[in-house]
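Novice: this one's structure only:
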């Protein structure tokens, strides 16, 4: 009280005498109205030259000057204090610091002023000790420029609410508590927050240490959804309230005045650096905005593969016993994949493909044996025409099942594990030949259809698929169910992390493998046997066993065996003979050996020895079985120049081409360069 009186000596004697007459008890018993036209002399703020130089939190303490008169006791409203802090700081450098009381008096009376108890404590909004605001205080809060009434200050009067607390009080006016976000005190109260979430520790600190994060009324945080500007304002306001509480707590809080002074000093010391960083951030934001405005797509990524291949036949005879053409060829294959994801877990792939490397089976060897994986394909022709290749969409169905919808050029490796690591790179990496890439029975299905993969834990997987070769053709004998098709089922078993086993079954209609002898590719090779160009319907049941074992970091062994029982379903009469109903038994096998990271990390050396599909028995005299056995021996070394470029030289050696020992061995050389991006 004595401190207030000493400061009162700086004001006019008349006002000081009036303030001593009015007691706090009388003010508590009868609220007084503010006189709108009472003349007030200019009052000088006590200690303005020194008090205003202190931090804002110190300027709003109990020692702040309150004005009393016999009729009114005026105090500056807290929102007005926010605007007056900066001017007062500027005035502190002048000799005289005066504030006109008349400027602080509203021209309209307040309907009902709040009168506090003599020993009442004023606390900030949303603090643990805060009391609900009365209707009278709301009336004052709705008009920030007015002067509120209060009891005469005492020596033990607590600090006035600071600016941030008053803003929070205003924002809380009229808020429906039922619609407000529920405040949480522990991160465990948020039902959708898990310790494995990447921001769990930050969220835990904000909730449990600072207490400025609120959840939704249903107990969720919804961390993956975007917040509104209202939610941002509410969260920021709560955090600022907590910061203010820590500041007011002094040594009891986490931040002291000395800490704030140190921070302010650091800000001043590194002002130039902060300005530089701010400029860089602004520049990055501008560049990011430009990139977002001109980007290809927010959901689609482009990746591609380009193959340059130098190929040629060094020696040997074709399937008819004539010298194979030894012309050296240079060609390419280009694939552009547009991978789109709409949910982050699905994939829509659209592939454009161009290839111009002709096939050996058409022009040189006259047999599908030794055909390359990245050229025009067995008995195919190449061109530089851009075409739509693979087009499929896959999406998860539950936690363990993936569904794949194949719209064009689907293949078995899109939905099943071919169990041939280091060799099955679909022509871009690994083996050079069709046969070396995977078990040939996988080629008995292709086209358009549906497939799924289901995981039974970490060790067992089931793959199912149905693909039709001419699904888009609405003519008779074609379509999704009336034309060629292939249905696949496979169990993939992984007893250990280094071993994989596959059991495969395929039922197909009018499909061939595109590997092995001409007889094994019946009926597509009727012309080779001088039976014309007619078509003969055939169906087949195929069974495969695949295995792969990574012995250690530098050695992996594997292989497969495949059996196909192919049946001719109708007779075919031709000018040169007839094809009768009958069965063919076709076998193939291979053993693989891979040396990953040989000489350099990322390099792979691979060797393969096997027998391409061979007809071991036939009930049709026009299509006899293959009398001899041809071995397919292949070796390659994939050298990684960089993350995006690799060079793979390799050799393919065919003994007794077309499973005919009368034909001399074929030797095919390849140098493949693959670019990925």
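Specialist: Perfect, I can see it now. Source: prediction; values computed, not measured. Residues are numbered from 1 along each chain as shown.

Novice: Can you list the low-confidence ranges for the protein?
Specialist: 1-184, 247-256, 532-534, 574-577 (pLDDT under 70).

Novice: I'd like the distance from the residue nearest in space to the middle of it to residue 440, if you could.
Specialist: Centroid check for the chain by C-alpha atoms, centre = their mean gives residue 344 as the closest residue, at 5.5 Å. Taking C-beta to C-beta, to the nearest Å as the measure, residue 344 falls 36 Å from residue 440. C-beta: built from backbone N, CA, C; applies to glycine.

Novice: now swap in residue 460 and tell me
Specialist: 25 Å.

Novice: Settle it for me: which of the two has more neighbours?
Specialist: Taking neighbours as other C-beta atoms under 10 Å, residue 460 and residue 440 compare with residue 440 leading, 27 against 13.

Novice: Confirm for me that the more buried one is in contact with residue 517.
Specialist: No - taking contacts as C-beta atoms under 8 Å, residue 440 lies outside contact range of residue 517: 11.5 Å.

Novice: and for these two, which residues touch both?
Specialist: Residues touching both residue 440 and residue 517 (C-beta atoms under 8 Å, 6 or more residues apart in numbering): 612-613.

Novice: now the strands for the stretch 151-300 of the chain?
Specialist: For the stretch 151-300 of the chain, applying DSSP state E, counting those that start in this stretch gives strands covering 182-183, 214-215, 300-315.

Novice: Of the ones you listed, which stretch is the most buried?
Specialist: strand 214-215 (a mean of 18; mean count of other C-beta atoms under 10 Å).

Novice: for it, packing partners?
Specialist: strand 182-183, helix 229-248 (3 or more C-beta pairs under 8 Å, 6 or more residues apart in numbering; DSSP states H and E).

Novice: so who does residue 332 touch?
Specialist: 306-309, 354-357.

Novice: Return the distance of the helix or strand hosting it from the chain's centre.
Specialist: Assessed by DSSP states H and E, residue 332 sits inside strand 329-340. Distance, stretch centre to chain centre, for strand 329-340: 26 Å (C-alpha atoms, centre = their mean, to the nearest Å).

Novice: picking that back up, let's have the contacts of residue 332 in TSV, adding distance to residue 613.
Specialist: Output for the contacts of residue 332, formatted as TSV (distance: C-beta to C-beta, whole Å):
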residue	distance to residue 613
306	31
307	25
308	30
309	24
354	29
355	24
356	28
357	23
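
Novice: Name the nearest of those relative to residue 670.
Specialist: residue 309 (6.3 Å; C-beta to C-beta).

Novice: Can you give me the neighbour number for the residue nearest to that closest one when sequence neighbours are not counted?
Specialist: Of all residues not flanking residue 309 in the chain, residue 672 sits nearest, at 4.9 Å (C-beta to C-beta, 6 or more residues apart in numbering). Per other C-beta under 10 Å, the neighbour tally for residue 672 reads 24.

Novice: which residues sit against the longest helix along the chain?
Specialist: With secondary structure taken from DSSP state H, the chain has its longest helix at helix 271-294. For helix 271-294, the surrounding residues in contact (C-beta under 8 Å, 6+ apart) are 267, 298.

Novice: What residues of the host helix or strand of residue 559 count as buried?
Specialist: Per DSSP H and E, residue 559 falls inside strand 555-568. Neighbour-count burial for strand 555-568 flags 556, 558-564, 566, 568 (criterion: 16 or more other C-beta atoms under 10 Å).

Novice: Same list, those residues, but as a markdown table with distance to residue 260 please.
Specialist: Output for the buried residues of strand 555-568, formatted as a markdown table (distance: C-beta to C-beta, whole Å):
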| residue | distance to residue 260 |
| --- | --- |
| 556 | 63 |
| 558 | 68 |
| 559 | 73 |
| 560 | 73 |
| 561 | 78 |
| 562 | 77 |
| 563 | 82 |
| 564 | 82 |
| 566 | 86 |
| 568 | 92 |
